[in-house]
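In: no sequence on this one, just coordinates:
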């Protein structure tokens with residue numbers, strides 16, 4: 001009977017550890033999928049604005065993959081932004097957001113007309129606070145849009161595994177001492 005109880009306890013501990021590991025790994029897997037879908041809209045998209053949101057007077061950079069037939073335009077800009085060909089074969093220009101006359105929380109369309117007749121557009125969201133969607137940083141600059149939450153999730157999962165391993169070790173080592181079994 002004692003042997004059966006010991007086996008059941010070990011199976012229960014193993015099952016609990018497995019469920020804990022799966023429970024911690026699921027958010028990381030979900031975050032990885034989410035990061036893929038967000039990065040698809042990242043720097044390789046035909047038209048980008050960085051930062052993608054900000055307050056009055058924010059300096060923004062517009063990048064286009066096509067040769068523009070004119071400047072980048074938006075109701076949010078103080079003046080239209082002229083795009084010039086950069087070293088990365090993208091057309092780039094910088095400008096400023098208006099200091100008055102914009103609604104907080106509203107998204108303003110940014111448009112570039114290309115020489116091949118295609119019109120590209122993206123949005124800039126006017127906020128009362130600081131800019132967001134700027135340069136990727138941390139972890140060696142390897143992150144893309146929203147990668148901070150993905151990396152934080154990965155660190156949390158790793159920390160969870162370390163804690164679970166330590167708790168399991170302590171549990172099993174104390175259990176062995178109280179039963180007198182050295183197996």
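Out: Okay, I see it. Computed from a prediction, not measured in an experiment: that's the story for all the values here. Numbering: from 1, shown residues only.
In: please report how far residue 81 lies from residue 63.
Out: Residue 81 sits 11 Å away from residue 63, going by Cβ to Cβ, to the nearest Å. (Glycine included, C-beta is placed from N, CA and C.)
In: I meant to write residue 104 there.
Out: 25 Å.
In: could you do residue 100 as well?
Out: 27 Å.
In: quick one, which of these two is more surrounded?
Out: For residue 100 versus residue 63, neighbours defined as other Cβ atoms under 10 Å are more numerous around residue 63 (21 against 6).
In: and the more buried one, what pLDDT?
Out: At residue 63, the pLDDT value in this model is 94.
In: hang on, it packs against residue 46?
Out: No - between residue 63 and residue 46 there is no contact under Cβ atoms under 8 Å: 9.2 Å.
In: what is the burial count for residue 88?
Out: 10.
In: what helix or strand does it sit in?
Out: If you go by DSSP states H and E, residue 88 is not part of any helix or strand.
In: and if you look at residue 172?
Out: With DSSP H and E as the criterion, residue 172 is inside helix 147-179.
In: got a pLDDT number for residue 157?
Out: In this model, residue 157 carries a pLDDT of 81.
In: what do you get for residue 169?
Out: 79.
In: next SSE after the helix or strand of the chain at the bottom of the mean pLDDT ranking?
Out: Least confident element among the helices and strands of the chain, by mean pLDDT, DSSP states H and E: helix 2-39 (a mean of 52). Next helix or strand after helix 2-39 toward the C-terminus (DSSP H and E): strand 47-50.
In: mean confidence for that following strand?
Out: 93.
In: starting from it, tell me which strands it pairs with and how they run.
Out: strand 59-64 (antiparallel) (DSSP bridges).
In: list the buried residues for the partner strand?
Out: 60, 62, 63, 64 (16 or more other Cβ atoms under 10 Å).
In: tell me the helix or strand right after it.
Out: strand 84-85.
In: identify the contacts common to residue 63 and residue 46.
Out: Common contacts of residue 63 and residue 46, defined by Cβ atoms under 8 Å, 6 or more residues apart in numbering, are absent altogether.
In: ok so, going back, between the buried residues of strand 59-64, which is closest to residue 95?
Out: residue 60 (6.0 Å; Cβ to Cβ).
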